[in-house]
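Peer 1: Quick one, what's the 3D model for this:
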Amino acid sequence: QFVKPFGFSEGNASAFGTITIAAGVIGAMLCSSVLRCTHNFRGVLLACFATSTIAAVAIALSLPLGRSSPLGSTAVYSSIAVLGSMMTPIMPVAFETSVE
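Peer 2: Down below sits the predicted model:
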């Protein structure tokens with residue numbers, strides 16, 4: 001119901017969820033490998049927060065374009081992928097930061 005007013009169907013909404021989860025798994029693997037090499041927990045957290053904020057703003061700006069233009073759909077799908085890849089690792093990295 002979140003994306004329906006912008007011209008996206010329920011199938012698109014489920015694709016958004018799938019992309020968020022798949023990109024989140026990839027982002028978690030990427031963040032864990034960076035943390036394993038650098039042990040820079042604060043830097044990774046700040047990068048995740050900053051990138052997530054930028055991706056959320058990009059979704060807010062591109063969602064009204066809707067399905068009316070190919071650029072709108074591409075921007076929404078790519079922004080959702082970036083948001084998922086940076087939001088998913090935040091909680092495990094924050095837990096690991098509190099342990100360190």
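
Peer 1: For the closest residue to G72 other than its chain neighbours, the count of nearby residues, please.
Peer 2: Once its chain neighbours are removed from consideration, G72 has its nearest residue in L65; the separation is 2.9 Å (Cβ to Cβ, 6 or more residues apart in numbering). For the C-beta atoms, the positions are set from N, CA and C on the backbone; glycine is no exception. Close neighbours of L65, defined as other Cβ atoms under 10 Å, add up to 17.

Peer 1: Over to G43?
Peer 2: So G43, with other Cβ under 10 Å, has 12 neighbours.

Peer 1: any idea how far S79 is from it?
Peer 2: Computed with Cβ to Cβ, to the nearest Å, the distance linking G43 and S79 is 23 Å.

Peer 1: Would you mind measuring from the residue nearest the centre of the chain to A58?
Peer 2: Nearest to the geometric centre of the chain sits L83, at 1.3 Å (Cα atoms, centre = their mean). The span separating L83 from A58 equals 8 Å under the rule Cβ to Cβ.

Peer 1: what is the mean pLDDT for the lengthiest helix in the chain?
Peer 2: In the chain, with assignment by DSSP state H, the single longest helix is helix 10-38. The average pLDDT for helix 10-38 rounds to 93.
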